[in-house]
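Enquirer: any chance you can model this:
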Amino acid sequence: MEKLLPVINKLQDVFNAIGNDPLDLPQIVVVGSQSAGKSSVLEHIVGRDFLPRGSGIVTRRPLVLQLINVPADGNQQAEWGEFLHKPNEPYYDFDRIRQEIENETDRITGKGKGISKTPIGLKIYSPHVLNLTLVDLPGMTRVPVADQPIDIEQQVRGMIMDFISRPNAIILAITAANTDLSNSDALHLAREVDPHGERTVGVITKIDIMDKGTDAMDMLMGRIIPLKLGYIGVVNRSQLDIQNKKTIRDSLKSELDYFNSHPLYRTIANRSGTTFLAKTLNRILIQHIRDCLPELKQKVNKMLAEAQQEILTYGDPLYDTKNSQGALLLQIITQFTANYRDAIDGKLTDLSVNELYGGARVNYIFNEIFAKCLNDIDPTDGLSANDIRTAIRNATGPKAALFIPEVSFELLVKTQISRLEEPSLQCVELVYDELQRIVSQLETKELQRFNALRERVVEVVNGMLNKYKMPTKDMISNLISVELAFINTNHPDFVGGDGAITAILEKMSKAESERQAAANPPQQPLPPTAAPTATANRNPTLTATAPSKAAAAPAATTNDPSFFSTFFGAKSSAAPQQTHLPPTTAQKANPIAPSQPQQQVANKSRASTNAVPERNRYGMPTAPEKLQSVPVTLKPMNKPTDKENFETELIKYLLISYFEIVRKNIKDLAPKSIIHFLVSASKEHIQNELVAALYKEELFDNLLEESPIIAQRRSSCNQMISVLRRAHEILNEVRDFQIS
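Expert: The predicted structure is shown next:
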């Protein structure tokens with residue numbers, strides 16, 4: 001069991017050499033306020049004066065103190081110290097050790113009162129110590145003094161929490177007996193990271209200077225704040241003892257006498273004092289190391305495997321020959337192009353499961369963005385009824401057309417088809433951006449080694465994509481031009497004239513029926529007690545008009561407007577119909593005799609003929625009326641006729657039908673064109689483009705100039721591998737002895 005601690009000390013030396021402890025090694029962390037007697041406890045455990053003393057914060061850097069027991073050989077120089085930053089340089093004078101601690105602290109933190117997390121490693125070899133590893137931290141302070149920074153309390157607290165929050169750290173919480181235990185800074189911090197007190201050891205100092213009538217039995221017995229590892233009371237040297245040069249060995253004897261002679265504490269004297277504290281810490285630390293050892297072995301093996309895998313990504317240092325540089329360049333280009341193709345095809349081994357990537361994003365553009373945009377386009381958007389009427393009238397010229405001009409339909413449908421071009425071109429841009437995104441995210445470890453090569457690769461590939469983007473856009477524009485060049489009304493999916501006319505007639509008939517039903521609600525029937533003859537006598541008009549209605553009924557049946565009468569501009573059924581009645585007797589006797597109204601019109605006409613018209617100075621009669629001027633812009637403002645309403649609805653119906661055919665074609669052909677001319681072309685030619693642009697001997701030195709950051713990472717990784725291999729060897733030493 002005693003051989004376990006040297007193993008941990010070796011590991012600590014190994015990791016302290018690189019300024020990092022990734023293993024969370026088991027160690028005892030000493031925590032306390034400035035006036036709690038922290039330094040005195042450590043010096044009593046070591047048995048020598050070696051720590052700096054003074055007012056304010058004296059310990060300003062963590063001190064990793066390794067106590068190593070060596071057998072006594074009768075030599076006066078059997079005790080010495082060695083610093084990790086000065087290996088193989090023993091210090092036999094402990095005053096020099098104190099001075100070196102101060103010098104090394106000032107070297108990092110300066111002459112002020114600042115602090116640093118960089119530890120100082122110190123080993124003390126002595127036959128009077130037990131094997132222990134302790135970390136002395138700065139004492140807790142609340143008010144900055146002298147030239148201390150304003151946030152000194154937060155800095156000290158952060159440093160302490162960084163050490164004691166590690167699960168493998170044993171917390172040595174030091175509290176003075178003449179203070180309230182509930183206000184102990186050390187216990188307060190320990191409670192935050194160890195709420196159940198499972199890895200905290202309490203140390204009560206200054207028991208001998210408590211007020212008369214008070215004692216520390218409740219603290220030592222754990223009645224106030226219980227700890228699983230318990231409390232230990234110690235008695236250190238007073239300031240007067242230090243000034244009188246009282247040795248620590250003499251102080252340890254006085255401490256033992258104090259506990260054995262005290263009426264209360266002598267009952268617990270066998271588990272009090274510095275000697276018992278050192279033995280307890282040695283036992284706890286060794287037990288803790290034994291429990292942590294299997295986990296440490298697994299962690300070292302895992303970290304070693306990860307470091308070896310990482311060093312492979314940085315590659316070996318480059319050779320100077322052109323052949324080796326050319327082979328490396330071709331290898332990097334080949335790997336990059338393979339990754340580019342796999343990213344598009346969805347074959348990358350490290351694909352993300354949190355978001356779409358590569359070709360999946362291109363598919364999303366086609367189906368979720370482009371297709372949705374085309375589906376949302378309304379074929380009649382921007383076309384009002386007046387616009388359609390204007391187009392029809394413009395297509396007829398000066399004559400009134402009997403049928404709907406086909407030119408008007410083509411003009412309108414071409415206008416709507418042209419709206420599909422802009423979304424299709426935007427789809428090309430979106431896919432182009434996604435391919436650039438793939439290139440930027442394919443910065444492999446090989447490319448990260450060489451900044452110049454990475455920049456040139458991205459530049460060449462982006463130039464290639466831009467070169468293939470223009471033919472893709474031309475193809476998309478040609479697709480729209482093909483649709484505009486020939487309006488195929490014989491397309492099998494086109495609704496055609498017959499189907500459109502039938503649908504429009506049904507629609508208009510239904511609308512007319514609903515309008516008449518709304519305008520003429522059903523009348524209430526006459527009361528059954530009313531007599532028809534009496535009604536007729538009271539209202540002779542009904543009797544006179546009844547035959548005319550009966551006579552008009554057959555006419556309405558035979559003259560009902562059909563499709564052609566409506567289409568060719570027949571008069572509206574609302575116009576008054578001329579009724580031919582049989583001639584009267586007077587008309588039969590004198591068929592050419594004019595009626596009285598006709599005679600009046602004839603007399604008025606003769607009077608008008610005999611009147612002398614007004615003439616101008618040339619003897620020409622003056623014009624009675626003048627024509628209005630023609631407006632600059634003419635639009636059909638009058639109310640549309642039934643024929644125009646029918647034509648407008650028919651054009652809309654045909655327009656929607658043909659637009660759906662074209663939209664379906666573009667939704668299918670635009671993505672195919674983009675894949676062929678842009679995506680597949682880039683996959684096929686990317687390697688040739690890169691080799692043609694980059695594989696030139698005069699560029700090798702510039703392109704393969706390694707980044708300083710990568711060189712530094714390789715060096716750090718090699719150093720970590722060496723450290724982990726050494727740690728692995730140290731842990732394997734445990735096999736050479738039995739752990740009981």
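
Enquirer: use CA for all of it now, contacts and neighbours both
Expert: OK.

Enquirer: compute the number of surrounding residues for the closest residue to Ile344 other than its chain neighbours.
Expert: In space, and not counting its chain neighbours, Ile344 is closest to Gly359: 4.1 Å by CA to CA, 6 or more residues apart in numbering. Gly359 has 21 neighbouring residues, counting by other CA atoms under 10 Å.

Enquirer: please apply the same query to Ile332.
Expert: By other CA under 10 Å, 17 other residues sit near Ile332.

Enquirer: look up how far Glu422 lies from the spatially most central residue of the chain.
Expert: Nearest to the geometric centre of the chain sits Glu355, at 9.2 Å (CA atoms, centre = their mean). Here Glu355 is placed at a distance of 29 Å from Glu422 (CA to CA, to the nearest Å).

Enquirer: residue contacts, the residue nearest to Ile344?
Expert: Going by CA atoms under 8 Å, 6 or more residues apart in numbering, Gly359 touches 343-346.

Enquirer: could you save those as CSV and add columns showing secondary structure?
Expert: Formatted as CSV, these follow (DSSP: H, G, I helix; E, B strand; the rest coil):
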residue, secondary structure
Ala343, helix
Ile344, helix
Asp345, helix
Gly346, coil
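
Enquirer: among those, name the buried ones.
Expert: Buried subset of the contacts of Gly359 (neighbour count, 16 or more other CA atoms under 10 Å): 343-344.

Enquirer: nearest to Phe677 among the contacts of Gly359?
Expert: Of all the contacts of Gly359, Phe677 sits closest to Ile344, with 14.8 Å by CA to CA.

Enquirer: does that closest one touch Gly358 like I think?
Expert: Yes - look at Ile344 against Gly358 with CA atoms under 8 Å: they come within range, at 5.0 Å.

Enquirer: ok, back up a step: please identify which helix or strand holds the residue nearest to the centre of the chain.
Expert: Using DSSP states H and E, Glu355 sits in no helix or strand.

Enquirer: quick one, phi psi at it?
Expert: Backbone torsions for Glu355, taken as degrees, to the nearest 10, come to phi -150, psi 160.

Enquirer: next, count neighbours for His85.
Expert: By other CA under 10 Å, 13 other residues sit near His85.

Enquirer: I misspoke; the intended subject was Lys683.
Expert: A count of neighbours around Lys683, defined by other CA under 10 Å, yields 16.

Enquirer: how near is it to Val461?
Expert: Separation of Lys683 from Val461 (CA to CA): 10 Å.

Enquirer: same check, this time on Pro167
Expert: 50 Å.

Enquirer: do the same with Lys643
Expert: Going from Lys643 to Val461 by CA to CA gives 61 Å.

Enquirer: and what of Leu25?
Expert: From Leu25 over to Val461 the distance is 49 Å, taken as CA to CA.

Enquirer: kindly report the same for His188.
Expert: Counting by CA to CA - His188 and Val461 are separated by 60 Å.

Enquirer: can you report phi and psi for Val460?
Expert: Backbone torsions of Val460, given as degrees, to the nearest 10, read phi -70, psi -40.

Enquirer: mind pulling the model confidence for it?
Expert: Val460 is assigned 94 on the pLDDT scale.

Enquirer: sorry, back to before: Pro167 and Val461: which is more packed in?
Expert: Neighbours per residue (other CA under 10 Å) separate Pro167 from Val461, with Val461 holding more: 21 against 13.

Enquirer: measure the more buried one to Ala452 for me?
Expert: Look at Val461 and Ala452: by CA to CA, they are 14 Å apart.

Enquirer: also Tyr125?
Expert: In terms of CA to CA, Tyr125 sits 54 Å off from Ala452.
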